[in-house]
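Asker: This is a predicted model, with the sequence first.
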Amino acid sequence: MPKKSFSNWNKDEKSIFKTLNSPIKIQKFLDQTEYNGTKETRSPRYVISLNRSHCMEGALFAAACLENIGYPPLVLDLQAFNDDDHVIAIYKVNGFWGAVAKSNFTTLRFREPVYKSLRELSMSYFDFYFNLKGEKSLRAYSLPHDLNKFNDMNWRTTEEDVEDIGYYLDMVRHFPLVSKEQIKKLENSTDSLMKSSLLGSNPAGLYIPD
């Protein structure tokens, strides 16, 4: 892990990071944070101090934690139609991709590092990615983006809004996961899957299409 990034954390934050020494422990920490329904995007320091995060904040926090245990701080954007995009922190083990993520949908979170490609990893979310009408909404994925490119923003510890990272991810190239013909034939999710996906979560702050 880069010493420069770690030196910015205070004693209490470093103590928390020491306990988050594996991807699944990072995921479990995110799972117990309150969902942040605001449009602001705050740093990992904010997530720790308020025990609150939304998708983007969760990805930044997970990336910082993964960096702490030796992975580069990488995020990937999953692009959706008639729904919110989903940003995940990704990591690689022995050539296979895994992910850590924050979502009110329990099925859009952790992925074991067993996926050969980013497309394969992204497709693992497809059947579980739907809006509150049950419409399957995942359409495309981005390449990995190293958060070190935003170090001038002090994205790990700043008290300022870091929403520009989200704007950047909106603008980068995305690769389609399904064709127009396939989209026309998509079935809605089942009621049972929708209920199980929201089990134990608070849907406040989720986008509900008209």
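Answerer: Done, it's in.
Asker: centroid residue for this protein?
Answerer: Ile88 (2.7 Å; Cα atoms, centre = their mean).
Asker: Verify the stated contact: that residue with Leu66.
Answerer: No. Using Cβ atoms under 8 Å as the test, Ile88 is too far from Leu66 to be in contact (11.2 Å). Every residue, glycine included, has its C-beta placed from N, CA and C.
Asker: Identify the contacts common to those two.
Answerer: Jointly contacting Ile88 and Leu66 under the rule Cβ atoms under 8 Å, 6 or more residues apart in numbering are Val100.
Asker: So which bits of the helix or strand harbouring the residue nearest to the centre of the chain are buried?
Answerer: Taking DSSP states H and E as the definition, one finds Ile88 inside strand 86-93. The neighbour-count check on strand 86-93 (16 or more other Cβ atoms under 10 Å) flags 86-91 as buried.
Asker: Output that strand as CSV, restricted to C-alpha atoms.
Answerer: What follows is strand 86-93, C-alpha atoms only, in CSV (Å, rounded to 0.1, in the frame of the first residue of the first chain):
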residue,chain,number,x,y,z
HIS,A,86,-23.8,1.1,-9.8
VAL,A,87,-20.1,1.7,-9.0
ILE,A,88,-18.1,-1.2,-7.6
ALA,A,89,-14.6,-1.5,-6.2
ILE,A,90,-12.8,-4.3,-8.0
TYR,A,91,-9.7,-6.5,-7.2
LYS,A,92,-7.8,-9.3,-8.8
VAL,A,93,-6.6,-12.6,-7.3
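Asker: Can you give me the buried ones in the next helix or strand after that strand?
Answerer: Scanning forward in sequence from strand 86-93 by DSSP H and E, the next helix or strand is strand 96-100. For strand 96-100, a neighbour-count test (16+ other Cβ under 10 Å) marks 97-100 as buried.
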